[in-house]
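Undergrad: What follows is a predicted protein model with its sequence.
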Amino acid sequence: EIVLVTESTGKRFIGNHISDFKPGNLAFLGANIPHTYKNEDRYYKEGSKLRAKSIVIHFSRESLGNDFLQLPEAAVIDKFFQQEAYGFDISGKLNTLLSKRLVEIVSLEGFKRWTCLAEMLYEIATAKKDINQLSQQQYVGYNQKESDRLRSVLNWTMANLETNITL
């Protein structure tokens, strides 16, 4: 998943990473990494005209094609996917480049959309800077019981964010 926040502010929880988000924040999130974006309370007040907007691309290894990642030209993307379970923040010039492409991809169709995604993944996978690991712990797999438990913890944390949380 690639997420570009275009309008809204709040806290984001990605794996064991917590940070503020605002328009322009761009993140790459691997398969099944627990994550949520929670807007500030003012977004939920009755009568609020504030809206949360993002451009999000959901994809899987399979959506790239059965043999695509086996090609020598795609080896760098395949290698990057082995680290995807940490989640990554994308900043600087790479953010500027990919943000423009994300806006562009919305209007593309068919093969052009697929090649744009492949190019973005290549840019992310080959980046030497402007990409930072978010979670300090790797998350792999999916477990409904753990997912429900984590959702409960995140909801409690958001409800008690203004208090001193000691554990």
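TA: Sure, I can see it. Numbers count the residues shown, from 1 in each chain.
Undergrad: How is the residue lying farthest from the centre of the chain classified with respect to secondary structure?
TA: If you look at how far each residue of the chain sits from its centre, by Cα atoms, centre = their mean, the farthest one is Gly47, at 29.2 Å. With DSSP: H, G, I helix; E, B strand; the rest coil as the basis, the three-state label of Gly47 is coil.
Undergrad: Relative to the helix or strand Arg12 falls within, what are the paired strands and their orientations?
TA: Using DSSP states H and E, Arg12 maps to strand 10-14. Counting by DSSP bridges, the strands paired with strand 10-14 are strand 17-21 (antiparallel), strand 35-39 (antiparallel).
Undergrad: Out of those strands, which is closest to Gln137?
TA: Evaluated over the strands paired with strand 10-14, closeness to Gln137 peaks at strand 17-21, with 9.1 Å, by Cβ to Cβ. The way it works is simple: take the backbone N, C-alpha and C, and place the C-beta from them, glycine included.
Undergrad: Quick check: what element follows the closest one along the chain?
TA: Next along from strand 17-21, by DSSP H and E: strand 26-28.
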